[in-house]
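**Student:** mind folding the following:
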Amino acid sequence: MFDNVCKFLAESFSSDFATWLLGEPITLTQLSPSELSLEPIRADALILLQSDEVILHLEFQTAPKADIPFRMNDYRLRAYRKFPHKRMRQVVIYLKPTDSELVYQTEFVLENSLHRFEVIRLWEQPTEVFFNSPGLLPFAALSQTNDQTRTLEEVAEVIEALNDTRIRSNIAASTAVLAGLVLNKDVIKRILRSDMMRESVIYQDILQEGLEQGLEQGLEQGLVQGLEQGLVQGLEQGIEQKAQEIATNMLNEGVAIALIVRVTGLTVEQVQQLQAQTNHNQAE
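**Tutor:** So this is what the prediction gives:
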């Protein structure tokens with residue numbers, strides 16, 4: 001979930017990331033790993049953006065991995081083979097504080113070969129940097145702040161002032177997800193209004209992911225996991241409405257009431273009421 005949110009932000013607000021990491025607000029477009037004849041180990045953690053002159057390679061990580069230096073070297077060589085005249089900026093961004101020495105690795109060394117890349121540890125970054133652009137706001141609570149709760153409150157105030165409702169919704173949901181790395185869910189729910197998030201891509205992805213996991217791993221386990229993720233990130237309001245929609249669809253497919261109750265978390269009475277309403281609508 002954290003990787004998906006970071007990928008969404010980088011791709012949706014690429015000029016904000018370009019300003020932050022490249023020092024210029026250029027427009028970047030997505031570069032598919034397949035264009036580099038590359039099958040990434042974790043595709044959801046890899047983000048490649050490009051302009052006519054530069055490729056921005058980002059790796060967002062919640063935990064350090066020993067193979068990161070090799071991967072950065074591998075991606076650089078593949079990019080050079082495809083785009084020999086483009087310069088490439090490679091940055092590994094660690095989201096969560098750790099004592100691991102791996103987050104300080106900035107080189108890949110093999111015999112006479114040496115490749116360097118950059119590393120950003122968000123907890124060491126000045127908080128004000130992330131208030132400069134909407135696409136960076138969700139990272140503010142993860143930065144070098146003495147009061148993460150107060151920082152999240154300040155982020156919420158900025159989000160409230162955004163004029164574009166779609167951007168406001170997406171930024172609020174992304175902020176709620178990433179804040180879950182450092183703050184309690186009750187604090188997040190108190191600060192960020194869930195009604196701002198319901199129309200966001202991130203919020204819908206959480207619900208959809210729960211349903212898809214249910215289909216793949218067993219309806220009960222998958223949907224509960226999806227709903228729990230929503231709760232953890234302060235997105236619990238509105239889930240009951242979605243559960244009712246899912247229950248109605250399952251009723252139309254002839255699924256047993258007992259299973260619908262287990263999957264959606266609705267009561268037997270609620271499902272029976274939905275069934276009666278569905279039957280009435282069909283009769284009309």
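**Student:** quick one: the helices in the stretch 1-150 of the chain, in order.
**Tutor:** 2-12, 14-22, 68-82, 148-160 (DSSP state H, counting those that start in this stretch).
**Student:** of all those helices, which lies closest to E53?
**Tutor:** Checking the helices of the stretch 1-150 of the chain against E53 by C-beta to C-beta gives helix 14-22 as the closest, at 10.1 Å. Heads up, the C-betas are built off the backbone N, CA and C, glycines and all.
**Student:** what angle do that closest one and helix 2-12 make?
**Tutor:** Angle of helix 14-22 versus helix 2-12, following axes from the mean of the first three to the mean of the last three C-alpha atoms, to 10 degrees, is 100 degrees.
**Student:** per-residue confidence averaged over helix 14-22?
**Tutor:** For helix 14-22, mean pLDDT rounds to 94.
**Student:** which residues sit against that helix?
**Tutor:** 9-10, 24-29, 49, 51, 54, 56, 58, 89, 91, 129, 132-136 (C-beta atoms under 8 Å, 6 or more residues apart in numbering).
**Student:** please spell out which residues along stretch 246-261 are buried.
**Tutor:** Buried residues in stretch 246-261, counted by 16 or more other C-beta atoms under 10 Å: I246, A247, T248, M250, L251, I257, I260, V261.
**Student:** over to stretch 182-192?
**Tutor:** Judged by neighbour count using 16+ other C-beta under 10 Å, the buried positions of stretch 182-192 are V182, L183, K185, V187, I188, K189, I191, L192.
**Student:** do the same with stretch 125-144
**Tutor:** Buried-residue list, stretch 125-144, by 16+ other C-beta under 10 Å: 125, 127, 130-131, 133-143.
**Student:** now the end-to-end length of that stretch.
**Tutor:** By C-alpha to C-alpha, to the nearest Å, the extent of stretch 125-144 from end to end equals 5 Å.
**Student:** what lies in contact with that stretch?
**Tutor:** Contacting residues not belonging to stretch 125-144 are listed as 5, 9-10, 12-13, 15-17, 19-20, 95-96, 122-124, 145, 148, 151-152, 154-155, 158-159, 162, 167, 171, 174-175, 177-179, 181-183 [C-beta under 8 Å, 6+ apart].
**Student:** downstream of the helix or strand of the chain with the lowest mean pLDDT, the next helix or strand is which one?
**Tutor:** In the chain, no helix or strand scores lower on mean pLDDT, DSSP states H and E than helix 219-232, which sits at a mean of 49. From helix 219-232 onward toward the C-terminus, using DSSP states H and E, the following helix or strand is helix 239-252.
**Student:** now do that next one, average pLDDT.
**Tutor:** 77.
**Student:** cool, stretch 121-131 as well?
**Tutor:** Mean predicted lDDT for stretch 121-131 stands at 96.
**Student:** circling back to that earlier point, could you dump the buried residues of stretch 246-261 to JSON lines with distance to P69?
**Tutor:** Compiled in JSON lines, the buried residues of stretch 246-261 are given as follows (distance: C-beta to C-beta, whole Å):
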{"residue": "I246", "distance to P69": "44"}
{"residue": "A247", "distance to P69": "49"}
{"residue": "T248", "distance to P69": "51"}
{"residue": "M250", "distance to P69": "48"}
{"residue": "L251", "distance to P69": "53"}
{"residue": "I257", "distance to P69": "54"}
{"residue": "I260", "distance to P69": "49"}
{"residue": "V261", "distance to P69": "50"}
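**Student:** low-confidence stretches in this protein?
**Tutor:** Residue ranges of the chain with pLDDT under 70: 38-45, 195-240, 283-284.
**Student:** what residues are bridge-paired with F60?
**Tutor:** In this entry, F60 is beta-bridged to I93, by DSSP bridges.
**Student:** my guess is it meets V91, correct?
**Tutor:** No - using C-beta atoms under 8 Å, F60 makes no contact with V91, being 9.5 Å away.
**Student:** that concludes my questions; thank you for your assistance.
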